[in-house]
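1. From the sequence below, what's the structure:
(4 chains)
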2 protein chains.
Amino acid sequence: MADRSFTTNATRSEQLLFLTDDQLRQGIELMYFAYRGFTADPDRILEGYNYGRAHHRAVHFINRHSGLTVNELLGILGVTKQSLNRVLRQLVDDGLVESRVGRRDRRQRNLYLTAKGQALETELSHAQRRRMRMAYSNAGPEAVAGFRKVLENMIDSDLRDRVLRSLENAKHD
Amino acid sequence: MADRSFTTNATRSEQLLFLTDDQLRQGIELMYFAYRGFTADPDRILEGYNYGRAHHRAVHFINRHSGLTVNELLGILGVTKQSLNRVLRQLVDDGLVESRVGRRDRRQRNLYLTAKGQALETELSHAQRRRMRMAYSNAGPEAVAGFRKVLENMIDSDLRDRVLRSLENAKHD
DNA sequence: CAGTTTATGTCAGCCATGTTGACATTCCAA
DNA sequence: TTGGAATGTCAACATGGCTGACATAAACTG
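-> Numbers count the residues shown, from 1 in each chain, chains lettered A, B, ... in the order given. Now for the predicted structure:
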């Protein structure tokens, strides 16, 4: 580790100052409050549809990786198949998600958003992106780069591996 | 589509590129995965105590603002009193939190962590700070500044106002 | 002082979303 | 052909949100 571009001419104590327990605790609270903001807009929208965050997550990842299988989605979300199935069944019943028998492996189900599903995704994503855009543009590009850098390092490495493995397979569509 | 180097001498179009829908969507996913990392360690610890995130949050804020009232805590957490009460009752029964009758206003209850409560807070906070410290030190101080800047802007302004109002009052202890 | 409001606690029930365990079906692959 | 993988489903349970109703004590107000 050591020299990951701490600024040019800072003393050692200045270099370490951003790692005080108090700074870290502030970061923790910030993360907590920001995440609430992050989910606030979609949550409001979802209420109107009688859906919850679980539905949002499913719709989000089916959109991002159209045609992914149930197992891959399970790997990304990290929930049990029973839990996911409840949500997925609703989405299929309501005509937001289509579940097609796999061509290569007919045991698998490839998941796609219908037009209706895409409409919901657009609505949710639009609201969330609007807030994100605001935060980004108020903070500026350099801040965004830092934001990304810190968050990247906060991700659980086991989770990252599992997700990457799931997404590697997801080269359908 | 361009690279991610928002360094010094970017053209105007490069400067705006960080607001692309795709960049925003990447930020959204990053936020989601990072938050899971953020809560992973405390969640594991809490399992052992048969507590959940709700207990963690209560313990966290009682520690940060020792002596705060139930109403103030409600304002910060943004849940109903019935929901908070369930958690708070357990913590009091288990001897982690002490609820003292207010001196100025005897209707109020001021909340304090007991030694046992502080021990749990320390354990949880230690794990969470360790991950935070890792993320911070891998990313470097400039990134941390940017991280904070973006998150500040992501917080819901209504929430911010409500929390600040709650904390203004919380000048006990 | 009487009446109202505030702060807190509690009961009961509902909902969303997570969990385990068990079991059925279909289909791939050795 | 047989074992295991991918999926779906049922049942039961836990957590932590919610609403509504109600109780008590204390403060405030006219």
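2. Can you show me the helices along chain A?
-> Using DSSP state H, the helices found in chain A span residues A:12-16, A:21-49, A:53-64, A:70-77, A:81-93, A:115-139, A:141-154, A:157-169.
3. highest average neighbour count across the ones you listed?
-> Across those, averaging neighbours per residue (mean count of other Cβ atoms under 10 Å in any protein chain shown) puts helix A:141-154 on top, at a mean of 23. Any C-beta I mention is one placed from the backbone N, CA and C, and that applies to glycine too.
4. ok, the residue nearest to residue A:79 when sequence neighbours are not counted to residue A:46 distance?
-> Nearest non-adjacent residue to residue A:79, counting by Cβ to Cβ, 6 or more residues apart in numbering or on different chains: residue A:54, 7.9 Å away. Remark: distance between residue A:54 and residue A:46 (Cβ to Cβ, to the nearest Å) = 10 Å.
5. closest to DNA strand D out of the helices of chain A?
-> Evaluated over the helices of chain A, closeness to DNA strand D peaks at helix A:70-77, with 2.8 Å, by Cβ to the nearest atom of the strand.
6. hmm, which helix or strand of chain A has the shakiest average pLDDT?
-> helix A:12-16 (a mean of 61; mean pLDDT, DSSP states H and E).
7. Who's the closest spatial neighbour of the most centrally placed residue in chain A, skipping the chain neighbours?
-> Residue closest to the average C-alpha location in chain A (Cα atoms, centre = their mean): residue A:57, at 7.4 Å. Distances taken as Cβ to Cβ, 6+ apart place residue A:77 nearest to residue A:57, at 6.0 Å, with adjacent residues excluded.
8. Test my guess that that neighbour contacts residue A:85.
-> No - using Cβ atoms under 8 Å, residue A:77 is not in contact with residue A:85, being 11.7 Å away.
9. low-confidence ranges in chain A?
-> For chain A, the stretches with pLDDT under 70 are A:1-16, A:170-173.
10. Pick out the residue in chain A sitting closest to chain B.
-> Scanning chain A for proximity to chain B using Cβ to the nearest Cβ identifies residue A:146 as nearest, at 2.3 Å.
11. ok, that residue to DNA strand C distance?
-> Residue A:146 sits 29 Å away from DNA strand C, going by Cβ to the nearest atom of the strand, to the nearest Å.
12. Pull the contacting residues for the nearest residue to that residue once chain neighbours are set aside.
-> Excluding its sequence neighbours, the residue lying closest to residue A:146 (Cβ to Cβ, 6+ apart) is residue B:146, at 2.3 Å. By Cβ atoms under 8 Å, 6 or more residues apart in numbering or on different chains, residue B:146 lies in contact with A:139, A:142-147, A:149-150.
13. Now do stretch A:138-158: distance to the chain's middle.
-> Averaging C-alpha positions (Cα atoms, centre = their mean, to the nearest Å) puts stretch A:138-158 14 Å from its chain's average.
14. Then stretch A:19-29?
-> Put simply, stretch A:19-29 sits 24 Å off its chain's centre (Cα atoms, centre = their mean).
15. Just checking it against chain B, any contact.
-> Yes - figure legend: stretch A:19-29 in contact with chain B (Cβ under 8 Å from any Cβ of the partner chain); contacting residues A:19, A:21, A:23-29.
16. got the phi/psi numbers for the residue in chain A positioned nearest to DNA strand C?
-> Nearest residue of chain A to DNA strand C: residue A:52, at 1.5 Å (Cβ to the nearest atom of the strand). Dihedral angles of residue A:52 (phi, psi; degrees, to the nearest 10) stand at phi -130, psi -170.
17. unless I'm mixing things up, it is touching residue A:42, no?
-> No - contact criterion Cβ under 8 Å: residue A:52 and residue A:42 do not qualify, at 9.9 Å.
18. before we move on, back to that, tell me the contacts of the residue nearest to residue A:57?
-> Residue A:77 sits next to A:57-58, A:61, A:84 when contact means Cβ under 8 Å, 6+ apart.
19. Please apply the same query to residue A:64.
-> Contacts for residue A:64 (Cβ under 8 Å, 6+ apart) come out as B:25, B:29.
20. If we use 10 Å, what do you get?
-> Applying Cβ atoms under 10 Å, 6 or more residues apart in numbering or on different chains to residue A:64 gives the contacts A:76, A:121, A:125, A:167, A:170, B:25-26, B:28-29.
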